[in-house]
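K.L.:
How does the following fold in three dimensions:
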Amino acid sequence: MATVMSACGVLCSECPAYLGKARGAAHQKRTAAAWRRIYGLSEKSENISCGGCQGSDAEVFHTSRNCTARRCCRSRGFTSCAECDVQRCPDLKRAQSVWDEVPDVARTLSEAHFIAYARPYCGHRRRLAAARRRGACPTVDPKGRRNVLKS
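P.N.:
Take a look at the predicted model:
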């Protein structure tokens with residue numbers, strides 16, 4: 001599977017919601033239970049599905065629909081904020097702040113739960129900065145999405 005990154009640097013391709021429909025109802029149910037336990041989220045298992053930041057509003061996880069960084073990237077035809085010249089963007093700052101506490105929560109998890117439910121959200125700032133340094137050259141994954149990183 002290709003590596004897919006969100007507008008703010010989250011690894012979509014490892015996110016349980018991004019993997020939701022492909023892995024099926026049992027995965028969605030496990031993820032909903034884990035997110036409830038780990039993050040205190042109350043999600044219905046059938047809602048554990050996302051097409052990634054570049055997906056339509058109908059495809060993206062409901063908490064990301066109104067993300068201003070996502071909306072900005074989509075409106076400018078960018079695959080991520082790494083392609084933007086604005087260095088101190090308030091939209092990106094707000095989007096990334098959502099994930100800033102995940103490493104603290106992750107320290108309480110088993111290795112398996114860290115990999116499944118926290119790792120995609122850790123290192124988002126570093127990942128986006130690295131993509132910016134590389135020139136954020138997007139490639140296309142097998143489904144035609146442009147926000148794919150070269151591995």
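
K.L.:
contacts and neighbour counts: CA atoms only from here.
P.N.:
Will do.

K.L.:
pLDDT weak spots in this structure?
P.N.:
1, 136-151 (pLDDT under 70).

K.L.:
let's see 80
P.N.:
Across the chain, the ranges flagged by pLDDT under 80 are 1, 135-151.

K.L.:
I'd like the distance between residue 15 and residue 126.
P.N.:
17 Å (Cα to Cα, to the nearest Å).

K.L.:
Dump the C-alpha coordinates for the longest helix along the chain into CSV.
P.N.:
Longest helix in the chain by number of residues (criterion: DSSP state H): helix 25-39. Output of helix 25-39 as CSV, limited to C-alpha atoms (Å, rounded to 0.1, in the frame of the first residue of the first chain):
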residue,chain,number,x,y,z
ALA,A,25,-17.0,-4.2,10.3
ALA,A,26,-14.9,-6.1,12.8
HIS,A,27,-12.1,-3.6,12.4
GLN,A,28,-14.5,-0.7,12.7
LYS,A,29,-16.0,-2.1,15.9
ARG,A,30,-12.5,-2.7,17.4
THR,A,31,-11.4,0.8,16.5
ALA,A,32,-14.6,2.4,17.9
ALA,A,33,-14.0,0.6,21.2
ALA,A,34,-10.3,1.5,21.3
TRP,A,35,-10.9,5.1,20.5
ARG,A,36,-13.5,5.2,23.3
ARG,A,37,-11.0,3.7,25.7
ILE,A,38,-7.9,5.7,24.6
TYR,A,39,-9.3,9.0,23.5
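
K.L.:
Could you list the buried residues of that helix?
P.N.:
Neighbour counts over helix 25-39 (16 or more other Cα atoms under 10 Å) mark 27-29, 31-35, 38 as buried.

K.L.:
Now the element after it, going C-ward?
P.N.:
Scanning forward in sequence from helix 25-39 by DSSP states H and E, the next helix or strand is helix 68-76.

K.L.:
What are the contacting residues of that following helix?
P.N.:
Helix 68-76 has contacts (Cα atoms under 8 Å, 6 or more residues apart in numbering) with 6-8, 53-54, 64, 79-81, 91-92, 95.

K.L.:
before we move on, the earlier item: the longest helix of the chain packs against which elements?
P.N.:
When contacts are defined as 3 or more Cα pairs under 8 Å, 6 or more residues apart in numbering; DSSP states H and E, helix 25-39 packs onto helix 20-23, helix 111-117.
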